[in-house]
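Peer 1: have a look at this prediction, sequence included:
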Amino acid sequence: MAEVLVTGGAGFIGSNFVRFALAAHPDWRITTLDKLTYAGRLENLEAVKGDPRHTFVRGDVADPAVAAPLVEQAEIVVHFAAETHVDRSILAAGDFITTDVYGSFVLLEAARNAPKLRRFIQISTDEVYGSVTTGASREGDELRPRNPYSASKAGADRLAYSYWATHGVPVVITRASNNYGPNQFPEKVVPLFITNAIDDRALPLYGDGLNVRDWLHVDDHCRALDLLIDRGESGEVYNVGGGHEIPNVELTRQILARLGKPDSLIQRVQDRPGHDRRYCLDTTKLRALGWQPTVEFTQGLADTVAWYQQHESWWRPIKEGDPAFRTYYQEQYGHRT
């Protein structure tokens, strides 16, 4: 059995990957390490609760006493654990530096002493490239992060590379575009707008709504990571993009149309500071290994809308029963209307 450590595996992408990997690899034994901060939820792992090949450990990647022994016994590490929301990084950047940068350092230090380790996947983001006016970002392009979240991810990205270059840690770095799909915490734009629309609440759209993002279904992201564990080259970066660029306002209208709701629910709000205008990834390098996205965006969005309609018991307690969420929502949007 291959010993696999997944950090942040109770979060959105991490939990989708854990479920995917256990189904795809009968010979994997997965340990999920997650601090269970606000966006990490054990409910996301309910489907694998009884699987003897899965173990959950509650702990912090920034705590060497907890994280290091798990890394040292692993053959594969997939490092998702991070603070990930740009808006929250603007409000308070400290947690992003601690988790995203220092937490990655703790894992990489331990990886130096992991005798069986054959792959360390560092999950980065397309946001490290900064805004792209024309064309698409390639892996060798300059990194120009413009907010504390993307800067923290860029720092971890380059730190991971340095541990390959200096210490030979078998690091592969992935930079993915915006993910969507089931189990995404409802602070992010897709689940926030879906769930607000279900309740006939306003959808707070930043600025003119013409900021462009490339959307990647989480299932396609999981498939890319699985491929790179096996076929990625250590020390290399791979862009993972869905190839579907769309302005935020058009995304919003498509969500409303799927739910049969009027465009009048769109509420224009003051733009956030440093809001990058456009992201776009060149995925030629990854596609050369045989990967391509398989979830067509229109169908993927329809499936995602349906998931939130069918799983109100998952998101409604967060939005209605969690005082911290309500406080965050008011801090984020209350002054912008």
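Peer 2: Cool, the structure landed. Numbers count the residues shown, from 1 in each chain.
Peer 1: so where is the stretch 101-250 of the chain shaky, pLDDT-wise?
Peer 2: Within the stretch 101-250 of the chain, not a single segment meets pLDDT under 70.
Peer 1: Glu139 contacts Thr174, doesn't it?
Peer 2: No: between Glu139 and Thr174 there is no contact under C-beta atoms under 8 Å: 10.1 Å. From N, CA and C alone the C-beta is placed, and that goes for glycine too.
Peer 1: tell me where the stretch 1-150 of the chain has strands.
Peer 2: 2-7, 28-34, 54-58, 76-79, 119-125 (DSSP state E, counting those that start in this stretch).
Peer 1: how about TSV for the ones you listed, with distance to Ser162 and mean neighbour count added?
Peer 2: Converted to TSV, these look like this (distance: least, C-beta to C-beta, whole Å; neighbours: other C-beta atoms under 10 Å):
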stretch	distance to Ser162	mean neighbour count
strand 2-7	19	23
strand 28-34	23	23
strand 54-58	27	16
strand 76-79	15	27
strand 119-125	11	25
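Peer 1: got a markdown table for these, with distance to Ala111 too?
Peer 2: Below are the strands of the stretch 1-150 of the chain laid out as a markdown table (distance: least, C-beta to C-beta, whole Å):
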| stretch | distance to Ala111 |
| --- | --- |
| strand 2-7 | 10 |
| strand 28-34 | 14 |
| strand 54-58 | 17 |
| strand 76-79 | 7 |
| strand 119-125 | 5 |
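Peer 1: out of the ones you listed, nearest to Val249?
Peer 2: Nearest to Val249, of all the strands of the stretch 1-150 of the chain, is strand 119-125, at 22.4 Å by C-beta to C-beta.
Peer 1: ranges for the strands of the stretch 201-337 of the chain?
Peer 2: Using DSSP E, counting those that start in this stretch, strands in the stretch 201-337 of the chain cover 203-206, 212-217, 237-240, 245-247, 266-269.
Peer 1: quick one: which of the ones you listed is nearest Gln330?
Peer 2: strand 203-206 (11.4 Å).
Peer 1: what lines up beside that closest one in the sheet?
Peer 2: Next to strand 203-206 in the sheet, as set by DSSP bridges, lie strand 266-269 (parallel).
Peer 1: domain-wise, how is this protein divided?
Peer 2: 2-179+216-240, 184-213+244-274+296-323 (automatic domain parsing).
Peer 1: just to revisit the earlier point, intersection of neighbour lists for Glu139 and Thr174?
Peer 2: Val237, Tyr238, Asn239 (C-beta atoms under 8 Å, 6 or more residues apart in numbering).
Peer 1: and those residues as TSV, adding neighbour count and distance to Glu43?
Peer 2: Shown next, in TSV, are the shared contacts of Glu139 and Thr174 (neighbours: other C-beta atoms under 10 Å; distance: C-beta to C-beta, whole Å):
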residue	neighbour count	distance to Glu43
Val237	22	33
Tyr238	26	31
Asn239	27	31
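Peer 1: just the closest of those to Gly130, please.
Peer 2: Using C-beta to C-beta, the shared contacts of Glu139 and Thr174 come closest to Gly130 at Asn239, 14.3 Å.
Peer 1: how many residues are close by the closest residue to that closest one other than its chain neighbours?
Peer 2: Ranked by C-beta to C-beta, 6 or more residues apart in numbering and with sequence neighbours excluded, the top spatial neighbour of Asn239 is Leu281, at 4.2 Å. Using other C-beta atoms under 10 Å, Leu281 is surrounded by 25 other residues.
Peer 1: do Gly334 as well
Peer 2: Neighbour count for Gly334, taken as other C-beta under 10 Å: 11.
Peer 1: can you redo the shared contacts of Glu139 and Thr174 as a markdown table with distance to Gly300?
Peer 2: Below are the shared contacts of Glu139 and Thr174 laid out as a markdown table (distance: C-beta to C-beta, whole Å):
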| residue | distance to Gly300 |
| --- | --- |
| Val237 | 25 |
| Tyr238 | 21 |
| Asn239 | 19 |
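Peer 1: the residue nearest to Asp60 when sequence neighbours are not counted: what's it in contact with?
Peer 2: Nearest non-adjacent residue to Asp60, counting by C-beta to C-beta, 6+ apart: Lys35, 4.8 Å away. The contact partners of Lys35, taken as C-beta under 8 Å, 6+ apart, are Arg58, Gly59, Asp60, Val61, Ala81.
Peer 1: how about the contacts made by the third one?
Peer 2: This points to Asp60. Listed by C-beta under 8 Å, 6+ apart, the contact set of Asp60 reads Lys35, Val66, Ala67, Thr99, Gly103.
Peer 1: try 10 Å
Peer 2: Asp60 makes contact with 7, 33-37, 66-67, 81, 98-99, 103, 106, according to C-beta atoms under 10 Å, 6 or more residues apart in numbering.
Peer 1: between which two of these is the distance greatest?
Peer 2: Taking C-beta to C-beta, no two of these sit farther apart than Leu36 and Val106, at 17.7 Å.
Peer 1: what about these two, which has more around it?
Peer 2: Taking neighbours as other C-beta under 10 Å, Leu36 and Val106 compare with Val106 leading, 19 against 14.
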